[in-house]
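S.K.: Model the following, please.
(one chain, ligands or ions: 1)
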Amino acid sequence: MSDVLTALGEVLEQRKNAAADSSYVAQLYSKGLNKILEKVGEECTETVIAAKDAERSGNNDELVYETADLWFHTLVMLAHRGTSPQAVLDELARRFDLSGLAEKASRQRKLGDA
Ligand SMILES: N=c1c2ncn([C@@H]3O[C@H](COP(=O)(O)OP(=O)(O)OP(=O)(O)O)[C@@H](O)[C@H]3O)c2ncn1[C@@H]1O[C@H](COP(=O)(O)O)[C@@H](O)[C@H]1O
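M.R.: Coordinates of the predicted model:
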């Protein structure tokens, strides 16, 4: 499942050497972090709206499309910051099988210790 994410992460790295007029990703890099974050915010809002519409209509097509846009722009954000989809996959793997409630409780214990 992560093959596409890994391959896309490699393309995003290669685009750091591409001319802005030859690539959408290179164009985003050249505009800087704020522009990338603006796109992440936009895609996030569009995903929320698509989820509400999907709930009403029962059709998830637009929701999947907008989520792909959101994932893509978060990957551009990570690459711009010098990290990769693999780092996120590793973090999800670390959390795998760890109950969300247990993890939250351990976080609260750590905060209490501090
Ligand atoms: N997965 C994607 C991908 N998903 C979405 N997008 C682009 O993200 C943009 C989405 O923004 P919007 O919907 O707001 O559209 P817009 O109005 O054109 O955007 P703005 O003018 O507001 O910036 C569109 O231009 C999409 O084409 C993507 N662009 C590229 N990729 C991948 O990135 C690779 C490298 O792309 P280039 O750098 O363009 O070669 C491609 O081969 C793909 O694998």
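S.K.: contacts and neighbour counts: CA atoms only from here.
M.R.: Fine.
S.K.: May I have the distance across stretch 17-32, first residue to last?
M.R.: End-to-end distance for stretch 17-32: 15 Å, by C-alpha to C-alpha, to the nearest Å.
S.K.: quick one: the residue minimising distance to the centre of the chain from residue 103, how far?
M.R.: Closest to where the C-alpha atoms of the chain average out (C-alpha atoms, centre = their mean) is residue 74, at 3.2 Å. Between residue 74 and residue 103 the computed distance is 24 Å (C-alpha to C-alpha).
S.K.: ok, and what's touching stretch 81-89?
M.R.: 5, 6, 9, 75, 78 (C-alpha atoms under 8 Å, 6 or more residues apart in numbering).
S.K.: Let me see the contact set for the first one.
M.R.: Going by C-alpha under 8 Å, 6+ apart, residue 5 touches residue 85.
S.K.: I'd like the distance between it and the ligand.
M.R.: Residue 5 sits 9 Å away from the ligand, going by C-alpha to the nearest ligand atom, to the nearest Å.
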